[in-house]
Structure formats: C-alpha cells, structure tokens
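[1] Quick one: sequence and predicted model below, then my questions.
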Amino acid sequence: MRCPLTLSTLSVTISVVWQTAASARTPRAAPAAYTHAQGGTSRVRRNVKKPAVLYRADPGVRRFVIVALPRTGTNYLRVTLNQHPNVVANNELLSAEDPRWGDAPRTEMSSAELLRLGFDDFPRPESKTDVRAVGFKVLDHQLTPGQGRPGFLDLLSQDPDIRVVHLTRGNPLETLRSLTQAYQTRRWIARSTRDLEDMPTVGLTPGQCRRFFERSERFAARVRRVFAGHRVLELIYEEFCAEHAAQTRRILDFLGVPVQPLAVAALLKQENRELPAVVENYRELRDAFRGTEYERLFP
C-alpha cells in the first residue's frame, strides 16, 4: 500500500531520495528474481549474457524519464540507448509485471521509494561501471487513478533537473492498430522473422478510434503542462527510425552524455503493411471521420 504524504513531507522525502550519498556506490548483487536489465519484456528472456547488479548512483548522474503511450517505440528507444556505455535506460518502473527490478515490493512502495529504485538503486548490466545518465519508462495507463499512480508525473516534476523524452507516433491510429494487434498476439517485441508470420488484421469501431485519439491528445497536453519549465525532448518514432543517426545524436546530446554512433536496435518492426491493408474497415472509418478534426489521420 502507498504511504500518504503531505506536500511538505513529500518535498523532504524527495530531497533525501535524490541526494543519496555516493559513499555506497559499490555495486550490490541483484536479487535472484532479477534476470536481465536489457531487451524484451517479461515474455522475452533471450540474450542474457551477464547477471545484472543494483547500482548506487552518484548525485551528479543525469536523471531522465521516457513518457509515452504504449506501442509508440519505447522498447526500440530503450534498447538503442542501452548500447551506450554511459546510459542505463530501464523498463517500466510502474509495471508490477516487469521482472527487471528484482524482488522489491513495488506495489507496496511509496512513489518516493520507487524514485529511489529508479534513479539511485537501479538495476544495470554488470559491464556498465561509468553510468552518467539513468532513466526508465512511464506509460500513460500507469498514471490513471484506477490502474496506477495518478500523481507520479507531478512528483517527477518536482525535480527541476530531470529531463523528459516524450515519445509519440506521427499517427495515433498506427498506435491503436499496433496495440490491438499486440493484445491479439500477446507479443510485444519481435526479435525473429518467425514472430512476423501471423500478424493479424484488426477491426476498429469509430468509437474506439475517437476515444484513443482523445486519450493521446489528453496525455500530450498533460506532459506539456506538468513539465512546463523542464527540458523536454519531443521525439517522433517514425523520424527516429528514418533518421536514426541524426536522431540518436540529438537524444544523446539531450541526455548530456558523449555522442557516439549507436546501432539500430535488434528489434523487428512487427507490421510493415499500410493501414488500409491492416485495418479491415478502414474505408468505413475514413468515411466516419470525414469532415472532423481527425480526418487527417485517415490518408
């Protein structure tokens, strides 16, 4: 259960969390439940070569957070960044199903305690001994009153030095299409061409689409509002893929780490067909949204 905090208590707690002394920097062995720090989801446990450790960060390590809707390329971004020797981009801090955080009782931890786990005592590969930037993912549904911690973004925003990567897709219809396919296949990452052999088509209703478009707009507005005055990098997934080298330089410069080439993440794009070939009732939806503010999403 989360501990209720007053604003004054919360400010003190955050100060203590973010000013953890560097004297305990020596890496500590991760709990047995911790299996890997990079690559995949709880359903993908491949390419695990070295055990991870929990690492106590120096106070000067850059803190960042990746905020996004699901199916916007967050794993592609995270796996790319983790190739850098000075960056640790961990997965979903607020997901109880993510095993990368060890056996810490995250559902019972306060939000301030979670921040300590995410930024100070974070998991990392054993090979990374000079971490200069550390961050994690936060997805929009993890911030809703019914499913997560609605005040978590506000807590993050109380750190004036945190940097925010806001990742989106150019067309939220592509995000909804991808999310629907992922729920159908129960596959969130593809590392082999075998994973691409059974990609289904999807049927969507106008109501589903409108609700998702509005959800996307609400979250983008929330990010802009909560992190007004912070350094925020707006990153579009399609541009990241098409301009990998240039966008990678832009991201590394934003994080304040040495800029160097990073290979394209070893993840496969799960769907390469155009929307009309994947969305079964695409023409019906295009007609339904003709003349509305969302007409542009149905080219």
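    Right, received. Where do you want to start?

[2] Show me the helices in the protein, by range?
    7-18, 74-81, 111-119, 152-157, 172-185, 206-226, 237-242, 244-255, 275-278, 282-288 (DSSP state H).

[3] how big is the angle separating the longest one from helix 172-185?
    Relative orientation of helix 206-226 versus helix 172-185 (axes from the mean of the first three to the mean of the last three Cα atoms, to 10 degrees): 110 degrees.

[4] Next, the buried residues of helix 206-226.
    Residues of helix 206-226 classed as buried by neighbour count (16 or more other Cβ atoms under 10 Å): 209, 212-213, 215-216, 219-220, 223, 226. In short, each C-beta sits where N, CA and C put it, glycine included.

[5] Show me the two of the residues you listed that sit farthest apart.
    Maximum pairwise distance among those (Cβ to Cβ): 26.1 Å, between 209 and 226.

[6] on that earlier part again, I'd like the buried residues of helix 206-226 laid out as a markdown table, including pLDDT and distance to residue 291.
    Formatted as a markdown table, those follow (pLDDT from 0 to 100; distance: Cβ to Cβ, whole Å):
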| residue | pLDDT | distance to residue 291 |
| --- | --- | --- |
| 209 | 98 | 15 |
| 212 | 98 | 19 |
| 213 | 98 | 15 |
| 215 | 97 | 22 |
| 216 | 98 | 20 |
| 219 | 98 | 25 |
| 220 | 98 | 23 |
| 223 | 98 | 29 |
| 226 | 98 | 33 |
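
[7] Out of the residues you listed, the closest to residue 181 would be?
    Nearest member of these to residue 181, counting by Cβ to Cβ, is residue 212, at 13.8 Å.

[8] how far away is the closest one from residue 279?
    Going from residue 212 to residue 279 by Cβ to Cβ, to the nearest Å gives 13 Å.

[9] can you check residue 129 too?
    From residue 129 across to residue 279, the span is 47 Å (Cβ to Cβ).

[10] So if I had to pick from those two, which one is more boxed in?
    The neighbour comparison of residue 129 against residue 279 (other Cβ atoms under 10 Å) goes to residue 279, with 24 against 13.

[11] To residue 88, which of the helices of the chain lies closest?
    It's helix 74-81; of the helices of the chain, that one is closest to residue 88 (Cβ to Cβ) at 8.4 Å.

[12] how far off helix 244-255 does that closest one point, in degrees?
    Calculated by the same axes, to 10 degrees, helix 74-81 forms an angle of 80 degrees with helix 244-255.

[13] Residue 294: what's it in contact with?
    Going by Cβ atoms under 8 Å, 6 or more residues apart in numbering, residue 294 touches 209-210, 213.

[14] where in the stretch 101-250 of the chain is pLDDT low?
    190-192, 195 (pLDDT under 70).

[15] if we go to 80?
    For the stretch 101-250 of the chain, the stretches with pLDDT under 80 are 146-148, 187-198.

[16] So what's the residue count around the nearest residue to residue 201 once chain neighbours are set aside?
    Among residues not flanking residue 201 along the chain, residue 280 sits closest, at 5.1 Å (Cβ to Cβ, 6 or more residues apart in numbering). If you count neighbours by other Cβ under 10 Å, residue 280 ends up with 14.

[17] do residue 158 as well
    Around residue 158 there are 14 residues (other Cβ under 10 Å).
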